[in-house]
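A.B. asks: sequence plus the predicted model coming up.
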Amino acid sequence: MENKNKKVNHIAIAVPDVKEAAIKWQQALNIKKSEIIVLEKHGVKVVFLEFSNLKIELLEPLNNQSPISKFLEKNPKGGMHHICFEVEKISETLDSLKNKKINILGDGNPKIGAHNKPVIFLHPSDLSGTLVELEET
């Protein structure tokens, strides 16, 4: 991942109710929030809270098959789910990660994420128990 701009794009937090959580965050910290975005392919509803240097992504499962549902079973009040970093060329990054024996979740191919850009997720067991999302800039 030899990218020049290794910037954090967002930190994702799983929540049982994205609308309620977004209102609480907005009121507590007086920050701008997006509308609710439904991502059928990822099985989630999301809201982005915008800070000057990064975004917080609130995630609610669409159904019991969503990976977020399993997370909330273990953490009913919610909690940090993943960190997303920006990368310049996701295809080159993928090749580099495979050479370094870093496991890519899913079928190993990028999917279109909430910002309409290609994303991949790296297996938590390879990065200190942390789920990492990489998003092409």
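C.D. replies: It's in. Numbering: from 1, shown residues only.
A.B. asks: gap between the residue located most distally from the centre of the chain and Ser66?
C.D. replies: The outermost residue of the chain relative to its centre, with distances by CA atoms, centre = their mean, is Asn99 at 23.6 Å. Taking CB to CB, to the nearest Å as the measure, Asn99 and Ser66 are separated by 32 Å. Where you see a C-beta, it was placed from the backbone N, CA and C, and this is true even at glycine.
A.B. asks: go on, Lys55?
C.D. replies: With distances taken as CB to CB, Lys55 is found 20 Å from Ser66.
A.B. asks: for the helix ranked longest in the chain, the distance to its chain's centre please.
C.D. replies: Criterion DSSP state H: the longest helix present in the chain is helix 18-29. Offset of helix 18-29 from its chain centre (CA atoms, centre = their mean, to the nearest Å): 18 Å.
A.B. asks: what mean pLDDT does the helix or strand just after it have?
C.D. replies: As assigned by DSSP states H and E, the chain's next helix or strand after helix 18-29 is strand 32-33. Across strand 32-33, pLDDT averages out at 94.
A.B. asks: so for the next helix or strand after strand 32-33, what gets flagged as buried?
C.D. replies: Downstream of strand 32-33, the first helix or strand assigned by DSSP H and E is strand 37-39. Under the neighbour-count criterion of 16 or more other CB atoms under 10 Å, strand 37-39 has Leu39 buried.
A.B. asks: how far does the strand or helix carrying Ile11 sit from its chain's centre?
C.D. replies: Using DSSP H and E, Ile11 sits within strand 8-14. Centroid separation between strand 8-14 and its chain, computed with CA atoms, centre = their mean, is 5 Å.
A.B. asks: contacting residues around it?
C.D. replies: 21, 48, 53-61, 68, 71-72, 75, 78-86, 115, 133, 135 (CB atoms under 8 Å, 6 or more residues apart in numbering).
A.B. asks: and the buried ones among the residues you listed, selectable in ChimeraX?
C.D. replies: The ChimeraX command for the buried members of these (criterion: 16+ other CB under 10 Å) is given here:
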select :21,48,55,56,57,58,59,60,61,68,71,72,78,81,82,83,84,85,86,115,133,135
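A.B. asks: now, the contacts of strand 8-14 that are in strands?
C.D. replies: Those of these mapping onto strands are 48, 55-61, 79-86, 133, 135, per DSSP state E.
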